[in-house]
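Enquirer: got a sequence here, can you build the structure:
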Amino acid sequence: MMKNNLRLNTTIIEDAPIQASMQHWVKMECNQLSAGNIVGEIDILELDSLKLVRESQIATVQKIGVTSQNFCSLSYCTLDPKFRFTEQTKNAADTLFFLPELIEYDILVPVGVQTTYVALDQKTFIDNARILNPKQWEHPPKSLVALENEHQPIFKKTLEMWFKIAEESSAIDLSLKQSFLKKHLVDYLLQTITSSNIDLRPSYTERLSSFQTYHTARTYIEDQLNINITPTIVSICKSAGVSERTLQYAFRTHVNMSPTAYLRLRRLNRVRVILQKSSPQETTVTHIAMRFDFLHLGRFALDYKRIFHESPSVTFNN
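Expert: Numbers count the residues shown, from 1 in each chain. Sure, this is the predicted structure:
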């Protein structure tokens with residue numbers, strides 16, 4: 001049985017083949033390996049070629065298949081020593097799996113384990129990963145890779161945030177929310193997966209050019225916000241012609257914060273200016289916030305008050 005929550009579909013799975021068929025973008029055979037009339041529960045959020053999937057197993061299953069061309073996935077699961085992803089086991093609490101295209105897989109998921117993954121267009125993902133971290137992604141993995149430590153907690157938090165956004169969605173500005181999800185989810189994931197072992201100590205050349213990098217990036221951010229577009233970190237790196245490592249150093253040197261934090265503050269400032277100039281007869285606080293991709297309105301209100309020491313509604317109604 002299925003309940004629709006906008007684009008998020010939650011389904012109770014009674015047969016293992018149904019669990020496989022619901023993930024039609026990948027070739028998969030799913031077999032139930034323990035007793036029970038319910039196999040599990042699955043949440044699916046589809047955004048065109050990008051898919052978010054969360055599976056909670058009530059029965060043990062084995063998933064066997066081959067990834068399709070131009071497909072890759074990033075995944076994690078709750079800790080269980082009996083879990084197996086092909087030759088990899090889940091013995092570490094912070095393991096993140098990267099599965100590239102055209103690879104056979106054999107996954108054993110025990111009772112009680114929850115797995116979460118995002119399926120992506122591999123070419124787009126790799127091209128953008130090379131922009132952020134060219135050294136690491138010049139020759140991407142051609143087999144299943146288990147990444148440890150700092151990746152998984154950030155990745156997990158990011159996906160949980162997107163599922164929560166989908167669950168809390170209403171009919172208001174639905175098309176804008178969908179656009180936001182498509183635009184920014186890959187950017188969040190790219191920053192997570194390419195952040196491994198980034199050394200923020202600059203080379204001599206980077207020190208000399210860091211202000212120019214910062215200035216170019218800042219100008220690009222301003223130009224994009226002027227036309228009501230929130231740039232992504234990938235697009236900022238591309239505009240400045242630098243890696244994320246160089247961009248991070250430039251912003252931390254010249255504004256004492258990360259590019260992401262700086263961008264959020266610039267967006268808050270844009271919202272404040274518009275709130276001050278607008279009236280309740282013309283628009284709403286929600287509409288203005290969402291123009292600048294503040295999708296989680298509760299967090300937006302808290303951040304706004306923390307920075308400006310008043311709520312958005314107070315600014316708007318004064």
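
Enquirer: those helices in the stretch 101-250 of the chain, which residues are they?
Expert: Here the stretch 101-250 of the chain has its helices, by DSSP state H, counting those that start in this stretch, at 122-132, 134-137, 151-168, 174-193, 204-226, 233-240, 244-254.

Enquirer: my guess is Trp162 contacts Leu47, does it?
Expert: No: using Cβ atoms under 8 Å, Trp162 is not in contact with Leu47, being 9.3 Å away. Where C-beta positions appear, they are placed from N, C-alpha and C, glycine not excepted.

Enquirer: quick one: which of those two has more around it?
Expert: The residue with more neighbours, out of Trp162 and Leu47, is Trp162; 21 against 18, by other Cβ atoms under 10 Å.

Enquirer: what about that one, distance to Lys27?
Expert: Using Cβ to Cβ, to the nearest Å, we find Trp162 at a distance of 25 Å from Lys27.

Enquirer: how about the most centrally placed residue in the chain, what does it touch?
Expert: The chain has Leu185 as the residue nearest its centroid, 3.5 Å off, counting by Cα atoms, centre = their mean. By Cβ atoms under 8 Å, 6 or more residues apart in numbering, Leu185 lies in contact with Leu47, Leu50, Leu52, Val118, Thr158, Trp162.

Enquirer: dig out what the fourth one forms beta bridges with.
Expert: Applying DSSP bridges to Val118 gives these bridge partners: Leu52, Leu74.

Enquirer: per-residue confidence at it?
Expert: In this model, Val118 is scored at 93, pLDDT.

Enquirer: and it, how many residues sit next to it?
Expert: Applying other Cβ under 10 Å, we find 23 residues neighbouring Val118.

Enquirer: correct me, but it touches Ser73?
Expert: Yes: counting by Cβ under 8 Å, Ser73 is a contact partner of Val118 at 6.6 Å.

Enquirer: the residue of the chain positioned farthest from its centre and Pro280, how far apart?
Expert: Distance from the centre of the chain peaks at Asn318, with 36.6 Å (Cα atoms, centre = their mean). Taking Cβ to Cβ as the measure, Asn318 falls 11 Å from Pro280.

Enquirer: in contact with Gly298, which residues?
Expert: Going by Cβ under 8 Å, 6+ apart, Gly298 touches no other residue.

Enquirer: go again using 10 Å as the cut-off
Expert: Contact analysis of Gly298 by Cβ atoms under 10 Å, 6 or more residues apart in numbering lists Glu168.

Enquirer: quick one: the helix or strand containing it to chain centroid distance?
Expert: Under the criterion of DSSP states H and E, Gly298 resides in helix 297-308. Here helix 297-308 shows a centroid-to-chain-centroid distance of 22 Å under the convention Cα atoms, centre = their mean, to the nearest Å.

Enquirer: tilt between that helix and helix 151-168?
Expert: Calculated by axes from the mean of the first three to the mean of the last three Cα atoms, to 10 degrees, helix 297-308 forms an angle of 110 degrees with helix 151-168.

Enquirer: for helix 297-308, buried residues please.
Expert: Residues of helix 297-308 classed as buried by neighbour count (16 or more other Cβ atoms under 10 Å): Phe300, Ala301, Asp303, Tyr304, Phe308.
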